[in-house]
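[1] heads up, no residue letters with this:
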């Protein structure tokens, strides 16, 4: 059910975002501590302002109310994906090629589940990162729980 809701909301939100001059980054429909949340992440060059989120939320809320296809009660949240944004689509990986990423695996690789390195490629279901020391590691996308832009201090 969650993937179907996410796809339908994405189809509604993408034209709204385009109209507002922002891009749709991601849609997540999830249940947390007994409550359902519909999270819509938007982005634009220079960063997203609160006004962008409010405008997106108001337009999307109206369409969601009209179409009424989401069964459980939920809370709609529209926000920026943040500086540690998740990378999921090929275009996400292309945009951040050469940047540092944090990877979490479902199962440990050589007894390690968390890796950080420079994104060096993503092709045919394989993600490549270069860790300190220049070693190139490859991971199957299906085995990656999350890949996020690393926050470096």
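    On my side now, so go ahead. As the structure is a computational prediction, the values presented were derived from the model and not from experiment. Residues are numbered from 1 along each chain as shown.
[2] tell me which residues in the lowest-mean-pLDDT helix or strand in the chain are buried?
    Counting by mean pLDDT, DSSP states H and E, the chain has its least confident helix or strand at helix 90-95, which shows a mean of 90. Using 16 or more other C-beta atoms under 10 Å as the test for burial, helix 90-95 gives 92-93. Glycine gets a C-beta too; all of them are placed from N, C-alpha and C.
[3] from the contact counts, what lies against it?
    When contacts are defined as 3 or more C-beta pairs under 8 Å, 6 or more residues apart in numbering; DSSP states H and E, helix 90-95 sits against strand 112-123.
[4] quick one: strands adjacent to whatever helix or strand comes next after the strand it packs on?
    Scanning forward in sequence from strand 112-123 by DSSP states H and E, the next helix or strand is strand 126-130. Sheet pairing here is set by DSSP bridges, and for strand 126-130 it gives strand 112-123 (antiparallel), strand 136-140 (antiparallel).
[5] so of those strands, which one's packed in deepest?
    strand 112-123 (a mean of 15; mean count of other C-beta atoms under 10 Å).
[6] need the phi and psi values for the residue sitting furthest away from the middle of the chain.
    What lies farthest from the middle of the chain is residue 133; by C-alpha atoms, centre = their mean that is 28.9 Å. Here is the backbone geometry of residue 133 (degrees, to the nearest 10): phi 100, psi -10.
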